[in-house]
Structure formats: C-alpha cells, structure tokens
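A.B. asks: Build me a model:
(one chain, ligands or ions: 1)
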Amino acid sequence: MVAAHRDSVPVGRRRTLVEMSIVVLTGAGISAESGVPTFRDADGLWEGHRVEDVATPEAYAAQPAVVHRFYDDRRAALAGVEPNPAHRALARLEERLGDDLLVVTQNIDDLHERAGSTRVLHMHGELLSALCRACEGRVRWTGRLGEFPACPSCGISALRPDVVWFGEVPYEMDRIAAALEAADLFVSIGTSGAVYPAAGFVQHARAHGAATLELNLQPSEVSRLFDETRHGLAGELVPAWVAELLADG
Ligand SMILES: [Zn+2]
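C.D. replies: Residues are numbered from 1 along each chain as shown. Predicted coordinates for the structure are as follows:
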C-alpha cells in the first residue's frame, strides 16, 4: 500500500463532514471485486469479444443479434453478483451526507443501487434499461432484448441496450460538471484513468478547488494528478476511508 501525504487526508475547503460536498467516481475496479467481468482484461477481450464487435454503434448496426446476446447475457449475470463492502460503504456515506454525496459511475450494473445508494448517475448507461430508437423512450428492462420485443411506449421493435457505446456521448455530463465544480472533495475509486471524459474529472474538480483522492488497486494513468493516492482493494480501502470520514464528522 502506498500512501502519499498520508498525514494530510484531504477534507476539503470546509472543516466538518456534515458541511462537505463529495463527488465519487466509480469504475470497473469496484464491480470487479463483486465478480463482474471488465472489458480491460489482460487479453484485451471482454468476455471473449473484441470491444469493437459488441460496444459500438457500428457493431449494433451490422450484427444486432450478436450485440443483444452479449448484453442480454451480462444483464442475466447480474443475478449472480452482489454488492461488496465498497458499495455498501458508499451507501453508508450517503446516509450521512444525503444530497451532499453524488456517485458518478462508469459501471452499467446496479450494484450501487442494490447496496442502498440512491444518488447515482450512470454516465455509461445501465444494463437494466432499454432505449427505444423509435420514440427515444426509456424503460426498465430485466429480460432479454435479443428477441426484438416491441417498445412498451410506441409498439415498434426498436429497443436497444441503454448503454453508451464507444463513439457515443456519455450521459449527464452537464450535471456531472456542475457537481464537480461545487465539490469540496473528489474521490476516484477503481478506475484506470484511461477513458475520457471520466479521466479528466480530477482536473476539473481541482480547477474548481476540490481536494482529490484516488483509491485504486494500482497506480492509474492519472494518479499524479491527485492530492492523495491509496492502493489496494476497493473492498478494503473504501470502508476504511468512509469510517475515517464518519469518525471526523
Ligand atoms: Zn418506443
């Protein structure tokens, strides 16, 4: 474990937890500890698929059945995974901070919500949502899309996974930017720092005065931009960090 500036735990511009505004960014690392496969495996494949074959608009246009099967299988697999101590610690922090905590996640699973978090923005969409290409409506979806079911709103068979593919614009960027600008503390958990725009959040938050903390398994591509970095399992680092905050507050 590495702990740069360990004695200067960033607590932000204000002094007590009860007055702090915190934005937490979570990435694949936090879900991986629950057994959710990540697409940045060592072999560069995602469940045996090349990313460009399943996670781009071009792939969907060329082979919609293949893309549906991939996301249908991942949606079904959610039933076999559970939130881990990192997810649950963030839910405990929300119990204390309420509206002053926002979780922005790159993950498309529902583990934050199942742990109890309610203020979660899914910037890359959600497995449990379908988006209609005909009426642009969204509907919660727990079944499969590969049989090309009719949209409950407009009746047209035009539902796609409500996930942001490579080449598409992430969701909620205006709300995320506003939250980063208002934050006293920005915390990045389990992200590689390789995928923009999320990789730029630390600089955005810093530029507007936030203290910054990275909790990651290993040094990320943007570790040097953080005031403090801690390395280890999210399931250990996040509960410890939350316990520190709650003790201080
Ligand atoms: Zn529709």
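A.B. asks: what ranges do the helices span in this structure?
C.D. replies: With DSSP state H, the ranges of helices along the chain come out as 28-32, 51-54, 57-62, 64-77, 85-97, 111-115, 173-182, 201-207, 234-248.
A.B. asks: any idea how far the longest one is from the chain center?
C.D. replies: Computed by CA atoms, centre = their mean, to the nearest Å, the separation of helix 234-248 from the middle of its chain amounts to 19 Å.
A.B. asks: what's the answer for the second one, then?
C.D. replies: Using CA atoms, centre = their mean, the distance from the centre of helix 51-54 to the centre of the chain it belongs to is 20 Å.
A.B. asks: Quick one: residues in contact with it.
C.D. replies: Phe39, Gly44, Trp46, Glu58, Ala59, Gln63, Val66, Val67, Phe70, Tyr71, Phe166 (CB atoms under 8 Å, 6 or more residues apart in numbering). The C-beta positions use only the backbone N, C-alpha and C, and glycine is treated the same way.
A.B. asks: Let me have the residues you listed in TSV, extended by distance to the ion and neighbour count.
C.D. replies: Below are the contacts of helix 51-54 laid out as TSV (distance: CB to the ion, whole Å; neighbours: other CB atoms under 10 Å):
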residue	distance to the ion	neighbour count
Phe39	28	14
Gly44	35	9
Trp46	28	18
Glu58	22	12
Ala59	22	20
Gln63	22	14
Val66	22	14
Val67	18	25
Phe70	22	21
Tyr71	18	23
Phe166	24	12
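A.B. asks: and of those residues, the nearest to Ser153?
C.D. replies: Checking the contacts of helix 51-54 against Ser153 with CB to CB, the nearest one is Tyr71 at 20.0 Å.
A.B. asks: do you know how far that closest one is from Thr229?
C.D. replies: Here Tyr71 is placed at a distance of 33 Å from Thr229 (CB to CB, to the nearest Å).
A.B. asks: Nearest the middle, which residue of the protein would you pick?
C.D. replies: Centroid-nearest residue in the chain, with CA atoms, centre = their mean: Thr105, separated by 1.8 Å.
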